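Visitor: make a model of this:
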Amino acid sequence: MAFVRTLIHIGLPRTASTFLQKQVFPLVRGFDFIGVDKTFYAQSFQKLLYQDESLYKELTRKDLVDSDAENILLSNELFCGQSFGMNATNRTRTAERLKKAFPEGEIILMLRNQLSLLESLYAIGIYSGVHKKPEDFFVFGTDTPRYDTFSGNEHLETYLLYPLIKLYKDHFEKVHIFLFEDFKSNQELFLENFKSKLDLSFSEKIPFKKKENKSLGQRQIKYIRRINRAKSLLEWNKLGKSIFRHKLWFGEHVLGGTKRFSFDDELSTRIKNFYCEDNEALAQNNSILRESENFQRYYKY
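Guide: Below is the predicted model:
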């Protein structure tokens, strides 16, 4: 009997997920790739992610995957939860349901240092309509945080990485951890290590230079944040919506400026300090991370 494998890529968000989903995963030889068009939008996966336990009827592999392939590769960065909109509160339940549906599953998790990750998430928030300053966008509280489900904020506790890894290691035998910083510094070397660690091969050469999502610069974020303040007023009618979309397009595609967006020193230091203990736990419990030059450089502990 052939050995059946199920690879489940769970994120994190903003860790080259789109590149992997479009340029890498479809080329993995011997696997049927199932991306977010199915793992998020299909009714079965919507139930797995969000349906309350009192209504949920356990879904099996057959219920979730319409494929005759023995080996499958699933990808959805929302499997690990996401703070914006409080989608992270389903994290443990999702892990438990994935385990029941795919007991042989192997987890693929890409980490990103929290400061860089939060800067990227803030930029996405701005592009999605947020106009708050960075210091008002993040919720730091851990002892008694206020979980405001009606406002667009990112809760920093969601990106404590050690509890996320422990959760999946408690449920799955194999959890493969990679660093976004390794991918960013050398894509070709990263993919070679990725193939080796997971014992995979690709059917075609990967187009390494192809970039899927363009990052917004400092000037663009400032401009889009400013027009977002008028978004609710402009979108009352068709003309206003057209004006807003045009201004958003201008900010994204025309507005110049090459300066990378980053938080100010005070907020950056506060974020780094928030995650020190978590990063130390990562280092103490994972020798590969502890010995990684990129982990030592980008993850303060």
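
Visitor: isn't there a helix covering E252?
Guide: Yes: assignment of E252 by DSSP: H, G, I helix; E, B strand; the rest coil places it within a helix.

Visitor: how about G125, phi and psi?
Guide: For G125, the backbone dihedrals are phi -60, psi -40 (criterion: degrees, to the nearest 10).

Visitor: is it true that it touches P134?
Guide: No: between G125 and P134 there is no contact under Cβ atoms under 8 Å: 9.5 Å. Quick note: C-beta positions are derived from backbone N, CA and C, even for glycine.

Visitor: just the CA coordinates for the helix or strand of the chain with the lowest mean pLDDT, please, in PDB.
Guide: When the helices and strands of the chain are scored by mean pLDDT, DSSP states H and E, helix 231-234 comes last with a mean of 84. The C-alpha coordinates for helix 231-234 follow below in PDB (Å, rounded to 0.1, in the frame of the first residue of the first chain):
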ATOM      1  CA  LYS A 231     -14.300  56.600   2.400                       C
ATOM      2  CA  SER A 232     -17.600  56.300   4.400                       C
ATOM      3  CA  LEU A 233     -18.800  59.600   2.900                       C
ATOM      4  CA  LEU A 234     -17.700  59.000  -0.600                       C
END
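
Visitor: now for G125 and P134: what residues contact both?
Guide: By Cβ atoms under 8 Å, 6 or more residues apart in numbering, G125 and P134 have no common neighbours.

Visitor: related to what we said a few turns ago, run through who's touching the least confident helix or strand of the chain.
Guide: G129, H131, G240, K241, I243, F244.

Visitor: now do the contacts for the fifth one.
Guide: Applying Cβ under 8 Å, 6+ apart, one finds that I243 lies in contact with L234.

Visitor: just the third one next, same as before
Guide: For G240, the set of contacting residues under the criterion of Cβ under 8 Å, 6+ apart consists of L233, L234.

Visitor: measure it to A230 for me?
Guide: As defined by Cβ to Cβ, to the nearest Å, G240 lies at a distance of 9 Å from A230.

Visitor: cool, and the last one?
Guide: Computed with Cβ to Cβ, the distance linking F244 and A230 is 7 Å.

Visitor: which one of those two has more residues nearby?
Guide: Comparing F244 with A230 by other Cβ atoms under 10 Å, the one with more neighbours is F244, at 19 against 14.

Visitor: what about the one helix or strand the more buried one maps to, distance to the chain center?
Guide: Assigned by DSSP states H and E, F244 belongs to helix 238-253. On the basis of Cα atoms, centre = their mean, to the nearest Å, helix 238-253 sits 27 Å off its chain's mean C-alpha point.

Visitor: I'd like the next helix or strand past it.
Guide: Next helix or strand after helix 238-253 toward the C-terminus (DSSP H and E): helix 265-274.

Visitor: packing partners of that next one?
Guide: Here helix 265-274 touches helix 114-127, going by 3 or more Cβ pairs under 8 Å, 6 or more residues apart in numbering; DSSP states H and E.
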